[in-house]
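1. Pasted the sequence and its predicted model underneath.
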Amino acid sequence: MIRLYENKHQEKNEVARHQHDTHQLLYVLDGEGRCELDSSSQKLQPDSIVLISPHTEHAIQAHSKMTVLVLEFDIRHLTDDVVSYLVEPVFAVSRVLNLSLFESSELRQLLRKMLFEQSQNHPIHVIGLKLLLAQVLYQIAILQQEDTTQDTNTRRAKWLKHHLETRYFEIASMEEVAAKAGVSSRYMNQIFKEMYDTTPYQFLTEVRLLKVKKMLRESDREIVSICFEVGFEAVSTFYRVFKKYVGVTPNVYRRTTDDFRN
């Protein structure tokens, strides 16, 4: 129902026009070539993604040795919401997306995880494959919403903002995030501050603290659990940062909001 495999194309190799009943996503790992989709022909290069809807005629020509990961799936095994909100928009038109390094980094990671899950012989890993497929489709859906007329730095800054807003709980360092974006942390700080008038670290801290304040107001969970959930590595750091930005300790903030509600 979900299958990920490698295709190796020798230089000048051609795959004749054909079609499938399934959805296919081709990810070019290495090499260059062209892909014909119905009546159009588009260039393939490392980090190109080919989205092929069922019954779309397509052909591949390799201009050099080319390695392609093929992700193939049957929507009958997916939930209705994944099909409606992810599969249908992403595969509305068969096309080629040529991604930059920073756009492709997360997709490469997800595909690596899918290869691992596929290698495990247990039903729980089938569930893992479905979850990872949904994440892959989600990432592509976000990319498709971006304005393609924007310059690279604008897209980098927007990607970074979205990454910080949605992955705040797992970010260990800004150097790690910069590596995903394919730039230095210094350059990342520069382009982010130019667009949003704040540094990525300050923005991440604000995102985390907004989540913390909401949980302090709306739950009776232990502060150490809240600290852990939003991504702070040490309780002492969390208390220091909270007081610096909010002006009081988490305990005082919680008591104050409780008193206000009462």
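-> Sure, I can see it.
2. What strand or helix carries the closest residue to residue 136 other than its chain neighbours?
-> Leaving out its chain neighbours, the residue that sits closest to residue 136 by Cβ to Cβ, 6 or more residues apart in numbering is residue 110, at 5.1 Å. Quick note: C-beta positions are derived from backbone N, CA and C, even for glycine. Applying DSSP states H and E as the criterion places residue 110 in helix 101-119.
3. Would you mind listing the buried residues in that helix?
-> Neighbour counts over helix 101-119 (16 or more other Cβ atoms under 10 Å) mark 102-108, 110-111, 113-114, 117-118 as buried.
4. from these, which has minimum pLDDT?
-> Among the buried residues of helix 101-119, residue 102 carries the weakest pLDDT, at 69.
5. re the thing from before, elements contacting the helix holding residue 110?
-> Other elements packing on helix 101-119 under the criterion 3 or more Cβ pairs under 8 Å, 6 or more residues apart in numbering; DSSP states H and E are strand 2-9, strand 66-73, helix 123-145, helix 152-166, helix 174-181.
6. can you do 6 Å?
-> The helices and strands touching helix 101-119, judged by 3 or more Cβ pairs under 6 Å, 6 or more residues apart in numbering; DSSP states H and E, are strand 2-9, helix 123-145.
7. need the contact list for the residue most central in space within the chain.
-> When the chain is reduced to its mean C-alpha position, the closest residue under Cα atoms, centre = their mean turns out to be residue 139, at 4.3 Å. The contact partners of residue 139, by Cβ atoms under 6 Å, 6 or more residues apart in numbering, come to 106-107.
8. how near is it to residue 194?
-> For residue 139, the distance to residue 194 (Cβ to Cβ, to the nearest Å) stands at 25 Å.
9. same deal with residue 137?
-> Relative to residue 194, and taking Cβ to Cβ, residue 137 is found at 31 Å.
10. try residue 209
-> Going from residue 209 to residue 194 by Cβ to Cβ gives 24 Å.
11. ditto for residue 234
-> Distance, residue 234 to residue 194, by Cβ to Cβ: 31 Å.
12. same check, this time on residue 62
-> Distance from residue 62 to residue 194, counting by Cβ to Cβ: 41 Å.
13. Could you check which of those two has the larger neighbour count?
-> The neighbour comparison of residue 62 against residue 194 (other Cβ atoms under 10 Å) goes to residue 62, with 22 against 11.
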